[in-house]
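**Q** sequence first, then the predicted structure:
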Amino acid sequence: MVMTVSLFLILLTFFILLNSIAVIDDRRVRLSIGSLLGSFGSLSGGLSPSKTGELAVPPSPPMVEQGLTASKLLSLINKTAAGEIKFLPTADGAAIVLGADMLFEPRTLQLKPSAVLLLKRICDFVRDRNYEIKISGHTDSRPGEEKGYASNWELSSLMAIRVLEYITGEGGLKPERVEACGCAGYRPVAPNDTRESRRRNERVEMRFNFNPPLYLKRIVMKKKTGIFTYKRFNFRIF
């Protein structure tokens, strides 16, 4: 009995030591979980095969990093206009911020040839991907009348609609995937006290909603996903 207890203590100490020095590779963990979900999530509609009414994990291929998608999207942007473009990660995907003076001809809403090329490349990239796109126009705080429009609401809305018209027309994107809105000057990214800062506020944002499933968001945020049922087996995903 003494020998057995001593052996168990040695083994326990050994495993505690291994656990303390182990390095967890989050990327491999997410890829492994994604592979598991892709194998078991084989039903459409998200219902459990046991027909208990419980939700199962929806079908999915092995998980990939969202950053790879964003990097590929950025690689398609015209380098000559890189100074006018910003890329921002969002809670649901990513956003590309395009300066108004880079998009439109001076004092008009006619797209520049370089802007047309940029929008075409973006459309070519997202056309076969299930992204929802939200386009929002933004202005500075100066009155819209000074710019030849009834208000900044009108100007910002027309900026967003002009981009929407192109990507759903010549760009070939489905209109049901795209929406546009105007925010006037109520969401500035810089103070409106100088010409340069006002210029930064005049912009169009294109937000791409990657719309990952809830279980994927929880995995990325390192939160428990709970339990799902598959053929009377319960699986807990961490």
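**A** Arrived safely, thanks for sending.
**Q** where does this protein have its least confident helix or strand?
**A** In the chain, no helix or strand scores lower on mean pLDDT, DSSP states H and E than helix 214-220, which sits at a mean of 50.
**Q** for Phe199, grab the count of nearby residues.
**A** Just so we're on the same page, residue 199 is Arg rather than Phe. Residues near Arg199, counting by other CB atoms under 10 Å, number 15. Every residue, glycine included, has its C-beta placed from N, CA and C.
**Q** could you do Leu88 as well?
**A** 12.
**Q** could you confirm Ser156 falls within a helix?
**A** Yes. The assignment for Ser156 by DSSP: H, G, I helix; E, B strand; the rest coil puts it in a helix.
**Q** looking at it, Arg187 is touching Thr139, isn't it?
**A** No. Counting by CB atoms under 8 Å, Arg187 sits too far from Thr139 to count as a contact (9.8 Å).
**Q** neighbour count: those two, which is higher?
**A** Remark: of Arg187 and Thr139, Thr139 carries more neighbours, 29 against 13, as counted by other CB under 10 Å.
**Q** do you know the pLDDT at that one?
**A** At Thr139, the model reports a pLDDT of 96.
**Q** I'd like the distance between it and Arg200.
**A** 11 Å (CB to CB, to the nearest Å).
**Q** domain map for the protein?
**A** 2-60+214-237, 66-209 (automatic domain parsing).
**Q** just give me the lowest mean pLDDT stretch among those.
**A** Looking at the domains of the chain, the weakest mean confidence is domain 2-60+214-237, a mean of 60.
**Q** which parts of the chain are strands?
**A** 85-89, 93-99, 132-138, 178-182, 203-209, 226-230, 233-237 (DSSP state E).
**Q** can I get those in TSV including distance to Leu117?
**A** Converted to TSV, the strands of the chain look like this (distance: least, CB to CB, whole Å):
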stretch	distance to Leu117
strand 85-89	13
strand 93-99	13
strand 132-138	18
strand 178-182	19
strand 203-209	15
strand 226-230	45
strand 233-237	43
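**Q** output stretch 166-174 as PDB, restricted to C-alpha atoms.
**A** In PDB, the C-alpha atoms belonging to stretch 166-174 read as follows (Å, rounded to 0.1, in the frame of the first residue of the first chain):
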ATOM      1  CA  TYR A 166     -21.500  51.400 -58.100                       C
ATOM      2  CA  ILE A 167     -20.900  48.200 -56.100                       C
ATOM      3  CA  THR A 168     -24.500  46.900 -56.800                       C
ATOM      4  CA  GLY A 169     -24.400  48.000 -60.400                       C
ATOM      5  CA  GLU A 170     -21.000  47.700 -62.100                       C
ATOM      6  CA  GLY A 171     -19.600  45.900 -59.100                       C
ATOM      7  CA  GLY A 172     -22.100  43.100 -59.400                       C
ATOM      8  CA  LEU A 173     -22.900  42.700 -55.700                       C
ATOM      9  CA  LYS A 174     -26.400  41.600 -54.700                       C
END
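**Q** can you give me the buried ones in stretch 181-199?
**A** 182-185, 188, 198 (16 or more other CB atoms under 10 Å).
**Q** state which helix of this protein is the longest.
**A** In the chain, with assignment by DSSP state H, the single longest helix is helix 2-21.
**Q** which other helices and strands does it contact?
**A** Of the remaining helices and strands, none touches helix 2-21 by 3 or more CB pairs under 8 Å, 6 or more residues apart in numbering; DSSP states H and E.
**Q** contacts for that helix?
**A** The contact list for helix 2-21, computed with CB atoms under 8 Å, 6 or more residues apart in numbering, is empty.
**Q** buried ones in that helix?
**A** For helix 2-21, a neighbour-count test (16+ other CB under 10 Å) marks nothing as buried.
**Q** just stretch 163-175 next, same as before
**A** 163-164, 166-168, 171, 173.
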